[in-house]
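>>> coordinates only, no sequence provided:
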């Protein structure tokens, strides 16, 4: 199976008119460019706050704001351009996928393949089809789960540090191929992973050298480090996707969750909170997911009404799964027969 060809034939699909699906699947360069422009404006504004507060204690707060805006939006754009749905233009999708992969610390070749593996085997746990994007494998470890939300959480989570994307890139740059790459990336693409990882490391060294040359650590702090200290909003949103739900089931309504976010979080997360809809039809652009959600809502489980509503069920489930790996939240689905 080639990247982009996700086999969902045997999964649950809602009843939907083909013409309507075609309409929802339309991509738009204008919507993608507008979203990028708004992101640049918001990011530049937060960067300005960092600069005017630099050297004071206020800079801690402004850096946290900047880092969360930077990392959450960069990764959401990276995800959408990986699906080649953020823009209509394949060229623009490819360019921005590579830029955001570099800035987010997600090596582009590895994630092209491993993410489509995730869509093909969503929350499957069998070794031969294991979903490496399962952020809360059972039995769960509540303390490590909660560390995901803290600034520097990936570093504090000592046992999982080796799986953090930046450390994986360093390992690949040294020619050490990770298990996820061996399983999800075709053999003829593995050298691309290694060579691209070396380019990423060279980019990091270049930014560090520039910081030393100009006598300021701002380039390192504002370009390289947001994935380390700006992870909170992204992880708050991302952990709602599958945590606590059923695994090894070919029904995204049971293994995936849709959450209604506030407009600002929805912008940063590029509408990926409509995650059931995204998994059922991964070629529908993020710009159209809200409308698509409304179109098929009668065939879907009731969405969670905000972050707090989602975590009211997630947190207890994580603690229960720590003791009973067979426990999961049994989502009620509408009878659409």
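Nice, thanks for sending it over. Note that this is a predicted model, so its numbers are computed, not measured. Numbering: from 1, shown residues only.
>>> so residue 22 is in which element?
In this structure, residue 22 is located in helix 18-24 according to DSSP states H and E.
>>> what sits up against the helix or strand following that helix?
Downstream of helix 18-24, the next assigned helix or strand under DSSP H and E is helix 29-53. Defining contact as CB atoms under 8 Å, 6 or more residues apart in numbering, one finds that helix 29-53 is touched by 59, 61-63, 65-66, 69-70, 73, 77, 86-89, 92, 96, 222, 267, 270, 285, 287. C-beta: built from backbone N, CA, C; applies to glycine.
>>> now those: which count as buried?
Neighbour-count burial (16 or more other CB atoms under 10 Å) is assigned, among the contacts of helix 29-53, to 59, 62-63, 65-66, 69-70, 73, 77, 86-89, 92, 96, 222, 267, 270, 285, 287.
>>> of these, which belong to strands?
Using DSSP state E, the subset of the buried ones among the contacts of helix 29-53 located in strands is empty.
>>> in helices, which of those appear?
Among the buried ones among the contacts of helix 29-53, the ones falling in helices (DSSP state H) are 59, 62-63, 65-66, 69-70, 73, 77, 92, 96, 267.
>>> using TSV, lay out these together with pLDDT.
TSV is the format used below for those (pLDDT from 0 to 100):
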residue	pLDDT
59	95
62	97
63	97
65	98
66	98
69	98
70	98
73	98
77	98
92	98
96	98
267	97
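>>> any regions of the stretch 201-337 of the chain where pLDDT drops low?
336-337 (pLDDT under 70).
>>> next, give phi and psi for the nearest residue to residue 241 once chain neighbours are set aside.
Spatial nearest neighbour of residue 241, excluding adjacent residues (CB to CB, 6 or more residues apart in numbering): residue 275 at 4.9 Å. Taking degrees, to the nearest 10, you get phi -80, psi -30 for the backbone angles of residue 275.
>>> list the contacts for residue 275?
Under the criterion of CB under 8 Å, 6+ apart, the neighbours of residue 275 are 240-241, 256-259.
>>> please repeat the previous calculation with a cut-off of 7 Å.
Shown in contact with residue 275 (CB atoms under 7 Å, 6 or more residues apart in numbering): 241, 256-258.
>>> nearest to residue 184, of those residues?
residue 241 (18.6 Å; CB to CB).
>>> how close does that closest one sit to residue 314?
From residue 241 across to residue 314, the span is 10 Å (CB to CB, to the nearest Å).
>>> what of residue 27?
From residue 27 to residue 314 the distance is 32 Å (CB to CB).
>>> the more surrounded of these two?
Between residue 27 and residue 314, counted using other CB atoms under 10 Å, the more crowded position is residue 314 (22 against 19).
>>> so which other helices or strands are in contact with the helix or strand where that one lies?
Per DSSP H and E: residue 314 is located in helix 307-323. When contacts are defined as 3 or more CB pairs under 7 Å, 6 or more residues apart in numbering; DSSP states H and E, helix 307-323 packs onto helix 142-147.
>>> what's the mean pLDDT across the helix it packs on?
Mean pLDDT, computed over helix 142-147, is 88.
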